[in-house]
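> Here is a sequence with its predicted model. Questions after.
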Amino acid sequence: MSGKFESAKASLEIEGFTISKEIEDLARSEADGTISFQEFISKVDALRISK
């Protein structure tokens, strides 16, 4: 696992997010450059709102 992925995951946990499979997949996509950080934040917010 990349350090960037672990950092993103830790940041979400600190903010009180439960790390679901969907969020973990988004964090991996952001860490490997598949999506931008802004896209990552938007999609995490959308998941949070939908639950």
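The structure has been received and is ready for your questions.
> residues making contact with the lowest-mean-pLDDT helix or strand in the chain?
Across the helices and strands of the chain, mean confidence by mean pLDDT, DSSP states H and E is lowest for helix 3-14: a mean of 73. Applying CB atoms under 8 Å, 6 or more residues apart in numbering, the contact partners of helix 3-14 are 19, 23-24, 27-28, 30-31, 40, 44. C-beta here means a position set from N, CA and C on the backbone, and glycine is covered the same way.
> So among those residues, which ones count as buried?
23, 27-28, 30-31, 40, 44 (16 or more other CB atoms under 10 Å).
> before we move on, the earlier item: kindly export the least confident helix or strand of the chain (C-alpha atoms) in CSV.
Taking C-alpha atoms only, helix 3-14 is exported to CSV below (Å, rounded to 0.1, in the frame of the first residue of the first chain):
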residue,chain,number,x,y,z
GLY,A,3,2.0,6.0,1.8
LYS,A,4,-0.3,8.4,0.1
PHE,A,5,-3.2,5.9,0.4
GLU,A,6,-2.5,5.4,4.1
SER,A,7,-2.3,9.1,4.7
ALA,A,8,-5.7,9.7,3.0
LYS,A,9,-7.2,6.8,4.9
ALA,A,10,-5.9,8.1,8.2
SER,A,11,-7.2,11.6,7.5
LEU,A,12,-10.7,10.3,7.0
GLU,A,13,-10.5,8.2,10.1
ILE,A,14,-9.4,11.2,12.1
